[in-house]
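[1] Sequence first, then the predicted structure, then my questions.
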Amino acid sequence: MPISHGDQLFNLIRSLSKAEKRTFKLYTKRLNKDSDPKFIQLFDILDKQKNYQEELIYKRFHQLSKVQLSNLKRHLYTQILISLRLIHINKNIDIQIREQIDFARILYGKGLYLQSLKLLDRIKTTAETTHQDFLLIEIFEFQKLIESRHITRSRKIKNKMETLIDESELRAEVALNTARLTNLKLKIHGLYIQRGHIRDEKDRADLEKYFKHELKSIQTDQLTFFEKIYYYQTHVWYYYILLDFVRCYVNAARWVEQFELDQDMKTKDPDLYMRGLHYELTTLFNLQCYADFKDILETFEQFEAQHGQDFNTTSEVICFLYLYTAKLNDHFIRGTFGEGIKEVRTIMEKLEMYDPHLDQHQILVFYYKIAWLYFGNGDYSKSLDYLNRIIYLDVGHLREDIQIYSRLLSLIVHYELKNYQFLEYQIPAVLRFMSKLEDQNVLQKETLSLLNRLLYKPNEEVLIEIRKFYQKVDKLSHNVEDQKSFVYLDIITWLESKMQEKNLQDVIRQKFNSRQSQKIESLIASL
């Protein structure tokens, strides 16, 4: 196994739960009843370290060379994974099926061909009911290998061989179609990472042409469980890039519906189910369909309450990211920033807990949302604390949009704090920063221009300037290509709070009360 770096082994050991460490010790003691081999001693040394320190290993093993240590670490890494496999085999159906395939190969190697075929027949049913399409291909190919090399009783059964051949061909077609779907999904997702949402009609036309061309090679009739989900996933990303949130929601809902039709798959693949819920929630948030949003959020919370204790680390992280993003969005929709702030402590604790498993993008998003919570609640100093975490974080070109919005929101906060002298030199600095990045839009430039003008307006003209700017950005908010900007920087509501001389929370609550009746069904019907 190509693992020789100590930090990789160290991170694996650090990720183990108490139960997993206990299982590892029991597993190794069973293998080494009368000795305490070096790899177990190495495990104990690394388990006690807070940070990886290789020099402490050499102090313990004086005669160990670098090559020997590398081999020892590789062996320990393998033994830990074997012990983990013993635990996780009951939680992962694909591991269970692979084990049975391995057993079938062992039986075949022992010359027990009929027993091997019988075992393959049994696990084939399990693979079919759990939609393990690629493992089914392996099972069929192994069955064909046995049938072609040995005389078995199968040929005495009418149409047995014909059925095997037909099933094998069908699964090969499914595998090819699945590969094409996942390839397209990755391509569309890659386009979003590279370019973000469409910026103009040319972007729209180019994407539509590309997507239609790619779909031509994909079979869409009689799809399997995962084929359907990959098909809907691809369309979710496609419509998300197009900023067509209604159609995006429709495909996310169809994705989730597959799990409602096959309830067992919720626990077999909770990550995929939770991702579907996340995209439903994200689109409903963008569409401000609160009643529907709340229903899905409650479904998510119930699922976590019922099955969270069985989640592996990856599922825990996914659940945290998506569930708490939705909880914060819930407060943004209703304008209940004070209530939302109560979630911050838990979020920060979980960010620290899951830090090894998170990327900077995910952390940036949470910092920005928390900054908005404090801004909406009128706690400007706290808002600046979280905005500065983004501004002073060295992340290169990662999430340029959030980097720009963070700086713009920071300027607005300083304006609220009447730090006008600070703004005089900070506005040009933000302008220089924006000029270096590709991801800028009209709203960002106009907001920066407004703040610059407000600095030099007498008090009696400030409101006039705000009203003029409000009329301009209100028109922008009706352009599909500019709508996404207002999700990140709700400048319209801030302007309304100034014009109405109310705090931000009150304006949002007023808007919320007036649109509570908006339902996703009516938006779908209007397509």
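    Yep, it's here.

[2] switch to C-alpha atoms for all contacts and neighbour counts from now on
    OK.

[3] just so I have it, where are all the helices in the stretch 251-400 of the chain?
    Secondary structure of the stretch 251-400 of the chain (DSSP state H, counting those that start in this stretch): helices located at 264-268, 270-287, 290-307, 313-334, 337-341, 344-353, 360-376, 380-391, 400-416.

[4] Show me what the fourth one is packed against.
    What it means is helix 313-334. Applying 3 or more CA pairs under 8 Å, 6 or more residues apart in numbering; DSSP states H and E, one finds that helix 313-334 contacts helix 270-287, helix 290-307, helix 337-341, helix 360-376, helix 504-515.

[5] Looking at the helices of the stretch 251-400 of the chain, spot the one closest to Y232.
    Closest to Y232 of these is helix 270-287 (CA to CA; 9.6 Å).

[6] what about L504, neighbour count?
    The number of residues packed near L504 is 22, by other CA atoms under 10 Å.

[7] one step back: mind giving me a markdown table with the helices of the stretch 251-400 of the chain and columns for distance to P458, mean neighbour count and mean pLDDT?
    Formatted as a markdown table, the helices of the stretch 251-400 of the chain follow (distance: least, CA to CA, whole Å; neighbours: other CA atoms under 10 Å; pLDDT from 0 to 100):
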| stretch | distance to P458 | mean neighbour count | mean pLDDT |
| --- | --- | --- | --- |
| helix 264-268 | 60 | 16 | 94 |
| helix 270-287 | 37 | 22 | 97 |
| helix 290-307 | 40 | 16 | 97 |
| helix 313-334 | 33 | 19 | 96 |
| helix 337-341 | 32 | 18 | 95 |
| helix 344-353 | 38 | 14 | 96 |
| helix 360-376 | 25 | 21 | 94 |
| helix 380-391 | 24 | 20 | 95 |
| helix 400-416 | 14 | 21 | 91 |
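
[8] Make CSV out of those helices and add distance to D36.
    Converted to CSV, the helices of the stretch 251-400 of the chain look like this (distance: least, CA to CA, whole Å):
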stretch, distance to D36
helix 264-268, 38
helix 270-287, 39
helix 290-307, 38
helix 313-334, 30
helix 337-341, 51
helix 344-353, 32
helix 360-376, 41
helix 380-391, 47
helix 400-416, 53
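
[9] who touches Y470 in this structure?
    Y470 sits next to 492, 495-496 when contact means CA atoms under 8 Å, 6 or more residues apart in numbering.

[10] Cross the residues you listed against helices and list the overlap.
    Among the contacts of Y470, the members falling in helices are 492, 495-496 (criterion: DSSP state H).

[11] Distance to Y470, pLDDT and neighbour count for those residues - can I get that in CSV?
    Shown next, in CSV, are the ones in helices among the contacts of Y470 (distance: CA to CA, whole Å; pLDDT from 0 to 100; neighbours: other CA atoms under 10 Å):
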residue, distance to Y470, pLDDT, neighbour count
I492, 7, 92, 16
L495, 6, 94, 18
E496, 8, 94, 18
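
[12] List just the nearest of the residues you listed to Y231.
    Of all the ones in helices among the contacts of Y470, I492 has the smallest distance to Y231: 36.5 Å, by CA to CA.

[13] excluding its backbone neighbours, what's nearest that closest one?
    Nearest non-adjacent residue to I492, counting by CA to CA, 6 or more residues apart in numbering: Y470, 6.6 Å away.

[14] what separates that neighbour from W372, distance-wise?
    To W372, Y470 is 20 Å away according to CA to CA, to the nearest Å.

[15] Can you tell me the centre-most residue of the protein?
    I318 (6.0 Å; CA atoms, centre = their mean).
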